[in-house]
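Let me see the structure of the following:
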Amino acid sequence: MHQFPISGPMLIDVEQLGEICVLHCRGRLVAGQDQEYIQSKMKEIKKLDCSKVIADFREVHSIGSTGLTFLLNLYTSVARKPGGGFVLVGARPLVQHVLELTRLDTVIPLAADLASGFAALHEAARSESEGISGQTF
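Now for the predicted structure:
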């Protein structure tokens, strides 16, 4: 497996699988990153009109205010949609620490890996269709 340098730029590859968009993110999502790139990716994701998003952070080494803003904007845009779902998967220790410090780990659903992320989205959709409230992943 290729390891990306901690100082590497943030790269976001978008994969659409039906109603689910998987964002394969890698590098660092911190202040100073190219704002135009991040905004263009946000527009690309919104244009795809996915009702469910998995943010694959297995290769994200660090996150700052820019990354947190990106995550929150993405989360809220998806969560507002009927049947919308969002899961962040594979948070590394430093990213997990930042999510805990900001208490975003209590807002944004987290999963250990892609399989768990897909399962969480499917479970949330099943629960919603059955009228069950509450989210635990």
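
need the helix or strand of this structure with the lowest average pLDDT.
helix 114-130 (a mean of 85; mean pLDDT, DSSP states H and E).

give me every residue that touches the residue nearest the centre of the chain.
For the chain, the residue nearest the mean C-alpha position is A55 (2.8 Å; C-alpha atoms, centre = their mean). Counting by C-beta atoms under 8 Å, 6 or more residues apart in numbering, A55 touches 23, 25, 71, 74, 86-89. C-beta coordinates here come from the backbone N, C-alpha and C atoms, glycine included.

In a helix, it, correct?
No. A55 is assigned strand when assessed by DSSP: H, G, I helix; E, B strand; the rest coil, not a helix.

quick one: it from Y37, how far?
According to C-beta to C-beta, to the nearest Å, A55 and Y37 sit 16 Å apart.

thinking again about what came up before, as CSV, could you dump the C-alpha coordinates of the least confident helix or strand of the chain?
Only the C-alpha atoms of helix 114-130 are listed here, as CSV (Å, rounded to 0.1, in the frame of the first residue of the first chain):
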residue,chain,number,x,y,z
LEU,A,114,-15.5,0.9,4.2
ALA,A,115,-17.4,-2.2,4.9
SER,A,116,-18.6,-0.9,8.2
GLY,A,117,-19.5,2.5,6.6
PHE,A,118,-21.6,0.8,3.9
ALA,A,119,-23.3,-1.3,6.6
ALA,A,120,-24.0,1.8,8.7
LEU,A,121,-25.6,3.6,5.7
HIS,A,122,-27.8,0.6,4.9
GLU,A,123,-28.8,0.1,8.5
ALA,A,124,-29.7,3.8,8.8
ALA,A,125,-31.8,3.5,5.7
ARG,A,126,-33.5,0.4,7.0
SER,A,127,-34.2,2.0,10.3
GLU,A,128,-35.6,5.1,8.7
SER,A,129,-37.9,3.0,6.5
GLU,A,130,-39.2,1.1,9.6
